[in-house]
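Chemist: What would the 3D arrangement of this be:
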Amino acid sequence: SAVVLCEVTCESDQPNPDHQLCLTYFGSERSAASALAFCWNGISMNTGRMQEARPSAKNNFPEIRTELPQDPGPSPPSPILGQKPLQLIELKARGRFGCVWKAQLLNEYVAVKIFPIQDKLSWQNEYEIYSVCGMKHDNVLQFIGVEKRNNNLDLELWLITAYHDKGSLTDYLKANVVSWNELCHIAQSAARGLAYLHEDIPGHKDGHKPSIAHRDIKSKNVLLKNNLTACIADFGLALKFEAGKSAGDTHGQVGTRRYMAPEVLEGAINFQRDSFLRIDMYAFGLVLWELASRCTAADGEADAAASSASSRGAGLDLFVSAGPVDEYMLPFEEEVGQHPSLEDMQEVVVHKKLRPCLRDCWQKHTGLSMLCETIEDCWDHEAEARLSAGCVEERIGQMQRQAPVIGPEEIVTVVTMVTNVDLPPKESSL
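Modeler: The predicted structure is shown next:
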């Protein structure tokens, strides 16, 4: 399992896994105990370079209690509740912003994202978004704390979240197909998380929770818990919209190229809150397409099998095919390949107005047919016509209730595809 969050890779020095230090920790021990994963824009999985910490025979490193220096970044949002020992265990990924480690905090695993000092603005933005009132939600990756420490005279900026062993939705779909019910659960929980981010909640119990645009929605930034509940992660590019305050750097052409909305590719964004939220929804439509492309209900046979079994009882043997589930592909991979340029995406998305293929066989399944309509309403070329995240969440609930479900007593054999779990990274640049 891995936490893999973007397609861009670069080289950076590795932290010494034998160093034990103390995390400046915010929140309760219970928050550290939650099993969450960590997602990071700018990281791609590299299993060949994974390393496990090797405890030395004799620990010659003194315990380090780090202090938050004056610069860079904001001061802590709340008083420090304690300092807990944090041990780096395993390097999980590298990327343009540094690297991600699996670490141990007390008796629980956490994810540590380490930024070099030159990327302090990305670290600071993510920290500030996590510090916003009301950011604790079941479908938003849980924040644990931050750390600033010196490593060979270079200041490193650490951001600590809890850890999910299943990793990102990208990783999961590469290695697994999903049933109709699993698709609905993942999609609905992801939509619920995005809807919560987008919502402005003046009366939240923790204070006024502002509307937040993510600006880099993609399957690598959707993490899966052990029960396949999704949570949204990576807020390095996110914007918060507070009354009377600037939203910050609203440079329009940011994010991952293949997930960019037409208006982003054109450089024609209306710099208002709703415009940024609609950009998120275009990308979310592509994530829904990725789920549909790996669903075992894709050939529509589930509908016919359920109807047949219902009409004649469950007494006869029934064979249900999982359908022609294709190997995992990124959105637009058929159209532009694995490493598209900005010009490639502009030609396909803006000028030709193409979208990933919605297969004919998907229309044979009641639920997938409804999902296709929702996907098209999310990635509509006209931004104003796109669905809101809350509407998508409601629609998926309706799909799950209306689509026939085959009970286990009606199935004798289910055939699924075995996919290659060692696929190389699909993309190397934004």
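Chemist: from memory residue 355 sits against residue 379, does it?
Modeler: Yes. The pair residue 355 / residue 379 is scored as a contact, 5.6 Å apart, by Cβ atoms under 8 Å. Bear in mind the C-beta positions are built from the backbone N, C-alpha and C, glycine included.
Chemist: Give the residue spans of the stretch 1-150 of the chain that score low on pLDDT.
Modeler: Applying pLDDT under 70 to the stretch 1-150 of the chain flags the ranges 1-83, 95-96.
Chemist: how close does the closest residue to residue 179 other than its chain neighbours sit to residue 363?
Modeler: Nearest non-adjacent residue to residue 179, counting by Cβ to Cβ, 6 or more residues apart in numbering: residue 296, 5.6 Å away. Residue 296 sits 16 Å away from residue 363, going by Cβ to Cβ, to the nearest Å.
Chemist: between the two, who's got more neighbours?
Modeler: Each of residue 296 and residue 363 has its neighbours counted (other Cβ atoms under 10 Å); residue 296 has more, 23 against 12.
Chemist: Which pLDDT value goes with residue 203?
Modeler: According to the prediction, residue 203 has pLDDT 84.
Chemist: separation between it and residue 242?
Modeler: Separation of residue 203 from residue 242 (Cβ to Cβ): 15 Å.
Chemist: Looking at the two, which is more packed in?
Modeler: Ranked by neighbour count (other Cβ under 10 Å), residue 203 and residue 242 place residue 242 first, with 12 against 7.
Chemist: got the contact list for the residue lying closest to the more buried one once chain neighbours are set aside?
Modeler: Leaving aside its chain neighbours, residue 242 sits nearest to residue 210 (4.6 Å; criterion: Cβ to Cβ, 6+ apart). Shown in contact with residue 210 (Cβ atoms under 8 Å, 6 or more residues apart in numbering): 132, 133, 200, 240, 241, 242.
Chemist: ok, then the element right after the longest strand belonging to the chain?
Modeler: Ranked by residue count under DSSP state E, the longest strand found in the chain is strand 82-95. Counting by DSSP states H and E, the next helix or strand C-terminal to strand 82-95 is strand 98-105.
Chemist: phi, psi of the closest residue to residue 166 other than its chain neighbours?
Modeler: Leaving aside its chain neighbours, residue 166 sits nearest to residue 224 (4.3 Å; criterion: Cβ to Cβ, 6+ apart). Main-chain torsions, residue 224, degrees, to the nearest 10: phi -110, psi 130.
Chemist: Check the gap between residue 224 and residue 175 for me.
Modeler: Per Cβ to Cβ, residue 224 is found 11 Å from residue 175.
Chemist: out of those two, which sits in the more crowded spot?
Modeler: residue 224 (23 against 18).
Chemist: Quick one: residues contacting the more buried one.
Modeler: Counting by Cβ under 8 Å, 6+ apart, residue 224 touches 37, 164, 166, 167, 168, 169, 172, 186, 230.
Chemist: Can you tell me what sits against stretch 341-356?
Modeler: Residues contacting stretch 341-356 (Cβ under 8 Å, 6+ apart): 257-258, 260, 262, 265-266, 286, 289, 293, 331-332, 334-337, 376, 379, 381.
Chemist: cutoff 7 Å now
Modeler: 257-258, 260, 262, 265-266, 286, 289, 331-332, 335-336, 379, 381 (Cβ atoms under 7 Å, 6 or more residues apart in numbering).
Chemist: again with stretch 149-160
Modeler: Residues from elsewhere that reach stretch 149-160 (Cβ under 7 Å, 6+ apart): 15, 21, 23, 66, 110, 112-117, 120, 123, 126-127, 144-148.
Chemist: who's in contact with residue 288?
Modeler: Residue 288 makes contact with 187, 371, 374, 375, 378 under the criterion Cβ under 7 Å, 6+ apart.
Chemist: Filter the residues you listed down to just the ones in helices.
Modeler: 187, 371, 374, 375, 378 (DSSP state H).
Chemist: Dump those residues into TSV; add pLDDT, neighbour count and distance to residue 140 as well.
Modeler: Output for the ones in helices among the contacts of residue 288, formatted as TSV (pLDDT from 0 to 100; neighbours: other Cβ atoms under 10 Å; distance: Cβ to Cβ, whole Å):
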residue	pLDDT	neighbour count	distance to residue 140
187	98	27	16
371	97	28	23
374	98	21	22
375	98	25	23
378	98	27	20
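Chemist: among the contacts of residue 224, who's most crowded?
Modeler: Counting neighbours by other Cβ under 10 Å, the top entry in the contacts of residue 224 is residue 168, with 31 neighbours.
Chemist: Please determine how far the nearest residue to that one once chain neighbours are set aside is located from residue 270.
Modeler: Closest residue to residue 168 in three dimensions, ignoring its sequence neighbours and counting by Cβ to Cβ, 6+ apart: residue 220, at 4.8 Å. As judged by Cβ to Cβ, residue 220 and residue 270 stand 27 Å apart.
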